[in-house]
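[1] no FASTA, just this:
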Ligand code: G3P
Ligand code: CA
């Protein structure tokens, strides 16, 4: 199956960061549905492993901030995570919203848009021989035949390297922090990446030109003001991650 290609895009992509985070509880099906309904081209989410090896959609390593539970995500089975309320912390009308599995979100997005799956691991992450989280992610994308609409990213370069060396890897996005000083063209080429995902304040017009000359797309994160989105569109970026897709869709340059 062909992997995602952004070569045909005519305008910058609007990427709903954790769905539609300004108006919905982040990383929930309600949030992803709302972002797609609003017209986002792609949704972004964060994945982690449950204790029984399922890929679940949650940003933090602990469940406290975005659910009514406590403790590390990795200490819960998928069934236990599904008991938690992932919506009421945001607003009572989202009571009973659940932590989705990655598989559920792939089913939601299919035929409606694109998905950026960010693999989250902690700085002290220990790699095992099976590269568990990245291996499971790629296997799921392949089993669901989701290669054409999936882009896999991570701040962890070892995870990306492992994916790039697998058979038939999905499209790769390289995440970098604002203060990460390195030659990103070389890094993205080494990882055979489709896109570079920089912190948006680290982007300038010259860098956009360099990346485009190298055939690499630029998708800066996470931009929540109209003025800054329009400046990035002026520079020629290929899309932006935003918590507010409706605001971004209203920006000139689209
Ligand atoms: O993928 C872009 C952005 O989501 C990375 O930062 O902390 O929001 O996951 P964070
Ligand atoms: Ca993320």
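    Structure received. Note that this is a predicted model, so its numbers are computed, not measured. Ligands and ions are numbered 1, 2, ... in the order given.

[2] Residue 134: which element?
    Of the helices and strands defined by DSSP states H and E, residue 134 is found in helix 132-143.

[3] Can you list the buried residues in that helix?
    Of the residues in helix 132-143, those scored as buried under the neighbour-count criterion (16 or more other C-beta atoms under 10 Å) are 133, 134, 136, 137, 138, 140, 141, 142. Glycine gets a C-beta too; all of them are placed from N, C-alpha and C.

[4] Just the mean pLDDT for that helix, thanks.
    Averaging pLDDT along helix 132-143 yields 97.

[5] Check the offset of that helix from the chain's centre.
    Shown here is helix 132-143, whose average C-alpha point lies 15 Å from the average C-alpha point of the whole chain (C-alpha atoms, centre = their mean, to the nearest Å).

[6] what helices or strands is that helix leaning on?
    Helix 132-143 is packed against strand 42-49, strand 55-57, helix 102-109, strand 114-119, strand 150-154, helix 157-164, with contacts defined by 3 or more C-beta pairs under 8 Å, 6 or more residues apart in numbering; DSSP states H and E.

[7] chain center to the first one: distance?
    This points to strand 42-49. Distance, centroid of strand 42-49 to centroid of chain: 5 Å (C-alpha atoms, centre = their mean).

[8] Pull up the pairing partners for that strand, direction included.
    strand 13-17 (parallel), strand 55-57 (antiparallel), strand 114-119 (parallel) (DSSP bridges).

[9] would a markdown table of those strands with distance to ligand 2 be doable?
    As requested, the strands paired with strand 42-49 are exported to a markdown table (distance: least, C-beta to the ion, whole Å):
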| stretch | distance to ligand 2 |
| --- | --- |
| strand 13-17 | 7 |
| strand 55-57 | 10 |
| strand 114-119 | 4 |
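
[10] out of those strands, which comes closest to residue 149?
    Shortest distance between residue 149 and the strands paired with strand 42-49, using C-beta to C-beta, is found for strand 114-119: 4.9 Å.

[11] residues making contact with that closest one?
    Contacts of strand 114-119 with the rest of the structure, by C-beta atoms under 8 Å, 6 or more residues apart in numbering, involve 4, 13, 15, 41-47, 102, 105-106, 109, 133-134, 137, 141, 146, 149-154, 156, 159, 173, 175, 219, 241.

[12] Take the helices and strands packed on helix 132-143 and write them to CSV, including mean neighbour count.
    Shown next, in CSV, are those (neighbours: other C-beta atoms under 10 Å):
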stretch, mean neighbour count
strand 42-49, 24
strand 55-57, 25
helix 102-109, 19
strand 114-119, 24
strand 150-154, 26
helix 157-164, 18
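
[13] I'd like the ones you listed written out as a markdown table, with mean pLDDT added.
    Below are these laid out as a markdown table (pLDDT from 0 to 100):
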| stretch | mean pLDDT |
| --- | --- |
| strand 42-49 | 98 |
| strand 55-57 | 98 |
| helix 102-109 | 98 |
| strand 114-119 | 98 |
| strand 150-154 | 98 |
| helix 157-164 | 96 |
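
[14] want to try a markdown table for the ones you listed, with distance to ligand 1 as columns?
    Converted to a markdown table, the helices and strands packed on helix 132-143 look like this (distance: least, C-beta to the nearest ligand atom, whole Å):
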| stretch | distance to ligand 1 |
| --- | --- |
| strand 42-49 | 5 |
| strand 55-57 | 12 |
| helix 102-109 | 15 |
| strand 114-119 | 5 |
| strand 150-154 | 6 |
| helix 157-164 | 13 |
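
[15] want to try JSON lines for those, with distance to residue 224 as columns?
    Written out in JSON lines, the entries for the helices and strands packed on helix 132-143 read as follows (distance: least, C-beta to C-beta, whole Å):
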{"stretch": "strand 42-49", "distance to residue 224": "14"}
{"stretch": "strand 55-57", "distance to residue 224": "21"}
{"stretch": "helix 102-109", "distance to residue 224": "22"}
{"stretch": "strand 114-119", "distance to residue 224": "17"}
{"stretch": "strand 150-154", "distance to residue 224": "19"}
{"stretch": "helix 157-164", "distance to residue 224": "26"}
